[in-house]
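Trainee: Predicted coordinates and the sequence they were generated for:
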Amino acid sequence: MAIGADVLDMLIPTGGWVIYGDDFDSIIYNDGVKPITKKQFEDGFAQYDAWKAEQDAAKAATKAAAQSKLAALGLTVEDLTALGL
């Protein structure tokens, strides 16, 4: 279940805002940050879970690709950790 900050992270990933709880009226924007509408904020709660799943899948794919490249070099994640990398 998304909270207001999650929705704002999705809609305004560059930051520049503060929210107290899940109340749209409590959002404070920094100078130069384009505010979102109440409808965008409310719709964001319905969109968040799918967006988060996409982000997690992309992260997992990137990690798998990196591990595949390491394996091609004969290395493992543990090898890099042992080297302090």
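Mentor: Arrived safely. Being a predicted model, the structure only gives us computed values, none of them experimental. Numbering: from 1, shown residues only.
Trainee: What is the longest helix of this structure by residue count?
Mentor: helix 38-72 (DSSP state H).
Trainee: tell me which strands and helices the lowest-mean-pLDDT helix or strand in the chain is in contact with?
Mentor: Lowest on mean pLDDT, DSSP states H and E among the helices and strands of the chain sits helix 77-82, with a mean of 84. In terms of contacts (3 or more CB pairs under 8 Å, 6 or more residues apart in numbering; DSSP states H and E), helix 77-82 is packed against helix 38-72. The C-beta positions use only the backbone N, C-alpha and C, and glycine is treated the same way.
Trainee: which helices and strands does the helix it packs on pack with?
Mentor: helix 4-11, helix 77-82.
Trainee: Can you lay out those as TSV showing mean neighbour count and distance to residue 65?
Mentor: As requested, those are exported to TSV (neighbours: other CB atoms under 10 Å; distance: least, CB to CB, whole Å):
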stretch	mean neighbour count	distance to residue 65
helix 4-11	18	24
helix 77-82	10	13
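Trainee: What distance do you get for the residue of the chain most remote from its centre to residue 19?
Mentor: Residue farthest from the centre of the chain, counting by CA atoms, centre = their mean, is residue 74 at 31.7 Å. Taking CB to CB, to the nearest Å as the measure, residue 74 falls 48 Å from residue 19.
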